[in-house]
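Participant: fold the following and give me the result.
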Amino acid sequence: MYPAAVDDIELYDQILRLNAAAVQARHFEVAYHLLAAALHAAEASSDLLRIDQVVRLADQQGSALESVADHPMSASNAKKRGNNAMYESLVATARAKFAYLETRRLLDQHRSNQRREASALSDREPREAIRTRAMRRS
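Facilitator: Numbers count the residues shown, from 1 in each chain. This is a model prediction of the structure:
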């Protein structure tokens, strides 16, 4: 997804360092967007462990945000506006991306196994046909 010169894992790690600094400074809006960016970097490399880490961090940071009285991004303020809390939405998005990538990985594995089995059968088929013909002749 990115130019070849950019390593998705290094990008992810850099983004998370910035995210940690933003959380420490209690800049939750900045931290949220950095965490969403980290999710994109993890998805670009199909890294399920890092996507799972984003889920955990979003959940933790959302909880930390809720400890700030009347923060504009809080779940209660989001509900007043008729919205879902942003961190809760990020958790749901990350879980959906995890499920999609895991399903894709399992399907790819299944298809690969089917191709291997089909190839093994086609390799055996001529030998079995020869054996069958030889048995008929005897």
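
Participant: need the three-state assignment for residue 72.
Facilitator: Here residue 72 is coil, with the state taken from DSSP: H, G, I helix; E, B strand; the rest coil.

Participant: residue 84 now?
Facilitator: coil.

Participant: next one: it relative to residue 105, how far apart?
Facilitator: 28 Å (CB to CB, to the nearest Å). C-beta coordinates here come from the backbone N, C-alpha and C atoms, glycine included.

Participant: check residue 57 too.
Facilitator: Counting by CB to CB, the gap between residue 57 and residue 105 amounts to 22 Å.

Participant: for residue 107, what are its contacts?
Facilitator: Listed by CB atoms under 8 Å, 6 or more residues apart in numbering, residue 107 has no contact partners.

Participant: how about low-confidence regions in the chain?
Facilitator: For the chain, applying pLDDT under 70 flags the ranges 1-5, 77-78, 121-134, 138.

Participant: list of residues touching the helix or strand harbouring residue 54?
Facilitator: Counting by DSSP states H and E, the element that carries residue 54 is helix 48-66. Contacts to helix 48-66, defined as CB under 8 Å, 6+ apart, come from residues 9, 12, 16, 19, 23, 28, 31-32, 35, 38-39, 41-43, 71, 73-75, 85, 87-88, 90-91, 94-95, 97-98, 101-102, 105.
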